[in-house]
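> Give me the fold of what follows.
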Amino acid sequence: MTSALRHAALALATAALAAVPALATAQAAPAVYPQKPVVLVVPQPPGGAADQFARPFAQLLSQRLGQPVVVDNRPGANGNIAAAYVARNQPADGYTLFFGSISTLAVNPHLYKSTGFDPLKDFQPITLTNQTPNVLVVGASTPYKTVADVVAAAKKEPGALSFGSAGNGNTMHLTGLQFEASTGTKLTHVPSKGGAAAPNDVMGGQIPMMFHNLSAVLGQEKGGRVRVLAVADTQRSKLLPNVPTMAEAGAPGVVQLAWSGMLVRAGTPAPVVERLHKEMLEILKDPAFRKPLEAQGFDVLSSTPQGFSERLKADFAKMGAVVKAGNVQID
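You can find the predicted model right below:
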């Protein structure tokens, strides 16, 4: 072999060896997310309030990600079954989302001996998505026109006035405990076995009142079947501008906002969380998405992952104090 050929062969070998690290790096680079369908786990049955929000959200997220986003309804144990499924059985890769709520993440850990998950350690918040205030609602046939009427009746016969909820320990029940503490009254809690039974009992006259999500009773209020006396928020609802806040009505400190948000398992890669956050915020600020939900009583909102995490921690502590003060026992 001539000197020129030897130099050429050496140059080719050197180039080939130099390409090996680059090839290995390219092969090791992570795939662009997402590469397959994403599952959104909803801890309520199809047709519930959470489902009504999650399905249009999933459809728009699918369009933005370029992959199907499939809603997986896993109801049971006040959301514990769905939360534990995501926290314990699914990888931290961003392909399983969880539609969490204040009840599941901030209340349940104080009620159950074992939920199967730790809300502060097992999940990575992405963004808050919506909230709705609880309201004091009474049957249209009751004599109560104001919060003062309710307080007067409750003080006249302590324990005689009852309020309903969807079950022990949910935010409806806890709002009632906050109301009692604020007004110095004693009410009788009547838990039902589901979200629909209690408002039906209020409309039917079986129980006089309850504390419920505004979004769940707005239609009945507009139809004249119930009256909303106060909103458990720091400001009045735009949908019911003539209804006072609890503080304005004489029950200061009674604030209960039922929020929900999107989370993934803790340990999900930061670029995946960032991509999901970016796309979700675009959906949440879209008027075409917001307006139909706002008309139903939802307050559509968004947050940073850090902001969501801070709110979860604050409400976790707050709800724990309410549960402890009320000595709340699960069904």
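> When you work out contacts or count neighbours from here on, use the C-alpha atoms and nothing else.
Fine.
> that's a helix at residue 291, yeah?
Yes: using DSSP: H, G, I helix; E, B strand; the rest coil, the assignment for residue 291 is a helix.
> and it, how many neighbours?
13 (other Cα atoms under 10 Å).
> How about the one 4 residues further on?
Counted with other Cα under 10 Å, the neighbours of residue 295 add up to 13.
> out of everything not next to it in sequence, what's closest to it?
residue 239 (7.7 Å; Cα to Cα, 6 or more residues apart in numbering).
> One more: residue 79?
residue 43 (4.8 Å).
> quick one: that neighbour from residue 104, how far?
Per Cα to Cα, to the nearest Å, residue 43 is found 9 Å from residue 104.
> check contacts around the closest residue to residue 244 other than its chain neighbours.
Of all residues not flanking residue 244 in the chain, residue 230 sits nearest, at 5.2 Å (Cα to Cα, 6+ apart). Going by Cα atoms under 8 Å, 6 or more residues apart in numbering, residue 230 touches 135, 136, 137, 147, 243, 244, 245, 246, 249.
> Export the residues you listed as TSV, with columns for pLDDT.
Listed next are the contacts of residue 230 as TSV, based on pLDDT from 0 to 100:
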residue	pLDDT
135	97
136	97
137	97
147	98
243	97
244	98
245	98
246	98
249	98
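> pretty sure residue 229 is touching residue 137, no?
Yes: using Cα atoms under 8 Å, residue 229 is in contact with residue 137, at 6.0 Å.
> Which one's more surrounded, these two?
Ranked by neighbour count (other Cα under 10 Å), residue 229 and residue 137 place residue 137 first, with 27 against 22.
> if I pick that one, what's in contact with it?
Counting by Cα under 8 Å, 6+ apart, the residues that residue 137 touches are 209, 210, 211, 212, 226, 227, 228, 229, 230.
> What of residue 47?
No residues are in contact with residue 47 under the rule Cα under 8 Å, 6+ apart.
> Going forward, count from 831.
In the new numbering, first residue 831, that becomes residue 877.
> That one and residue 1033: what is the separation?
Applying Cα to Cα to residue 877 and residue 1033 gives a distance of 21 Å.
> Also residue 1093?
Taking Cα to Cα, one finds residue 1093 at 36 Å from residue 1033.
> Please enumerate the helices of the chain.
For the chain, the helices defined by DSSP state H cover 833-858, 879-895, 910-919, 932, 977-986, 1001-1013, 1027-1034, 1044-1052, 1100-1114, 1117-1125, 1135-1156.
> could I get those helices as a markdown table with distance to residue 939?
Formatted as a markdown table, the helices of the chain follow (distance: least, Cα to Cα, whole Å):
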| stretch | distance to residue 939 |
| --- | --- |
| helix 833-858 | 40 |
| helix 879-895 | 20 |
| helix 910-919 | 9 |
| helix 932 | 11 |
| helix 977-986 | 31 |
| helix 1001-1013 | 13 |
| helix 1027-1034 | 24 |
| helix 1044-1052 | 25 |
| helix 1100-1114 | 25 |
| helix 1117-1125 | 29 |
| helix 1135-1156 | 8 |
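> Among those, which comes closest to residue 925?
With Cα to Cα as the measure, helix 1100-1114 is the member of these nearest residue 925 (9.4 Å).
> low-confidence ranges in the stretch 1031-1161 of the chain?
1161 (pLDDT under 70).
> rerun that using 50 as the cut-off
Under the criterion pLDDT under 50, no range of the stretch 1031-1161 of the chain is flagged.
> burial measure for the residue nearest to residue 1091 when sequence neighbours are not counted, as a count.
Excluding its sequence neighbours, the residue lying closest to residue 1091 (Cα to Cα, 6+ apart) is residue 958, at 4.0 Å. Residue 958 has 28 neighbours, counted by other Cα under 10 Å.
> What of residue 994?
When neighbours are counted by other Cα under 10 Å, residue 994 comes out with 27.
> And for residue 1099?
Neighbourhood size, residue 1099 [other Cα under 10 Å]: 12.
> and residue 977, how far is that from residue 1120?
Counting by Cα to Cα - residue 977 and residue 1120 are separated by 31 Å.
> higher neighbour count, these two?
Shown here are residue 977 and residue 1120; by other Cα under 10 Å, residue 977 has more neighbours (21 against 17).
> Please report how far residue 865 lies from residue 896.
For residue 865, the distance to residue 896 - Cα to Cα - is 9 Å.
> which of these two has more neighbours?
Shown here are residue 865 and residue 896; by other Cα under 10 Å, residue 896 has more neighbours (14 against 11).
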